[in-house]
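> just the structure for this:
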Amino acid sequence: MTIITIVGAGVMGSALTFPAVDNQNEVRLVGTHLDEAIIESLRKDHFHPRLRRPLNEAVKIYSHTEIAEAIKDADVVGLGINSQGVHWAAEAIGPHLREGQIIVMVTKGMESVDSSLKILPDVLHDNLPAAICDKVHYAAIGGPSIAGELAARRETAVVFVSRNADILPKLRSYFSTPYYHIWTSTDLIGVEVCVALKNPYALAVGLAAGVLEKQGEDVASAKMHNYAAAVFAQGLAETAIMVQKLGGGLETVFSLPGAGDLYVTTQGGRNSRMGRLLGMGMSYSDAVEEMPGETIEGVDAVIAMMPAIDAMIAAGQLDANALPLLRELHRIVTRNASIAFDFNSFFSKLPFNPPENIHHT
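Numbers count the residues shown, from 1 in each chain. Predicted structure coming up:
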């Protein structure tokens, strides 16, 4: 029997236990030091307070103090921590890994490292002990997957990705179920850039709801769908620019990890709620007070990536006008600035040539 250990008992890591158990694996769920209340609830009656449903009783529950035991003999180690927890994870799991294990990243995000952007599987690799970092395999999951829907066993389509094509059929066999549909890819850069950028761009789309509330009800009940759609399309275009700049495949942007994941993230969640508050005219510091204790991955991603983006622009590797939406988001969340999108700046730096009869003046 395949042993799968998932580190991180938040909603996404815990939701992944459903297809893992349904596919007849032995599944272990380890809480981080931030998950103690969840672990306590799961040990009591297997009820997950954030997913609001019980996990399968076959899932074995571990505290972060028992991580060595939980990883022992595991074939797959999944990381369901937040983007800021990758360094902690490397320190926590590193001493207990063994050669040949597969690490699957559920975590989304990128980091600025020495003026360059790095995807999180590479950040993890660089922070694991030197004795093991090149002896394990790295993979990730991308695509539209809301944790609550996966836990409800609703149809979900995702991409499992790794530079090592040999491990992908194994991973697919471990997790694939009649409701959890898995495609595979070796475009690790493309998938990871897409899933990192979907959070800030989903936040940007969420601004439309707040702008609408701020303006008040229209006499004919006109909405802000045009606004939101333009922002969505610009976010996808900027994602395509960054994917190609970092060496990923453009086709990934217009598939599940790019368009699919961005769409589903705009449909609700923390990033959309933050976008709505900012769209209503709140400063970022005030909006944060309205969402106490919540990690806003879109904000974290913008702040983490911008030093490297600025360095790329300074080095002439990236056009200064290529990312107007991302740069505006950075201004909003770091300077408590009001929203001031210049829609006329959108689509001026597409990563492909538009049809000759489409132009903007």
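
> look up phi and psi at the residue sitting furthest away from the middle of the chain.
Going by C-alpha atoms, centre = their mean, the residue of the chain most distant from its centre is residue 219, 38.6 Å out. The phi/psi pair for residue 219 (degrees, to the nearest 10) reads phi -60, psi -30.

> tell me how far it lies from residue 225.
Separation of residue 219 from residue 225 (C-beta to C-beta, to the nearest Å): 17 Å. C-betas here are computed from N, CA, C, even on glycine.

> need the residue closest to the centroid of the chain.
Most central in the chain (C-alpha atoms, centre = their mean) works out to residue 108, at 3.0 Å.

> my guess is residue 281 contacts residue 212. True?
No: here residue 281 does not reach residue 212: they are 12.0 Å apart, not a contact under C-beta atoms under 8 Å.

> neighbour count winner among these two?
Taking neighbours as other C-beta atoms under 10 Å, residue 281 and residue 212 compare with residue 212 leading, 20 against 14.

> what mean pLDDT does the helix or strand containing the more buried one get?
If you go by DSSP states H and E, residue 212 is part of helix 188-215. For helix 188-215, the mean per-residue pLDDT is 95.

> same deal with stretch 140-151?
Summarised as a single mean, pLDDT over stretch 140-151 is 97.

> now do stretch 108-128
So the average pLDDT for stretch 108-128 ends up being 94.

> would you mind writing the CA trace of that stretch as CSV?
Extracted C-alpha coordinates of stretch 108-128, given in CSV (Å, rounded to 0.1, in the frame of the first residue of the first chain):
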residue,chain,number,x,y,z
LYS,A,108,1.3,28.4,-4.3
GLY,A,109,3.7,31.4,-4.6
MET,A,110,7.1,32.6,-5.7
GLU,A,111,10.0,34.3,-3.9
SER,A,112,12.5,37.0,-4.9
VAL,A,113,16.0,35.4,-4.3
ASP,A,114,19.1,37.3,-5.3
SER,A,115,17.2,39.6,-7.7
SER,A,116,15.6,36.6,-9.4
LEU,A,117,12.1,35.0,-9.1
LYS,A,118,12.1,31.4,-7.9
ILE,A,119,9.2,29.0,-7.8
LEU,A,120,8.5,27.4,-4.5
PRO,A,121,9.6,23.8,-5.4
ASP,A,122,13.0,25.3,-6.1
VAL,A,123,13.0,27.4,-2.9
LEU,A,124,12.2,24.2,-1.0
HIS,A,125,15.1,22.4,-2.8
ASP,A,126,17.5,25.1,-1.9
ASN,A,127,16.6,25.0,1.8
LEU,A,128,16.6,21.3,2.3
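
> what residues of that stretch count as buried?
Within stretch 108-128, the residues scored as buried using 16 or more other C-beta atoms under 10 Å are 108-112, 117-125, 128.
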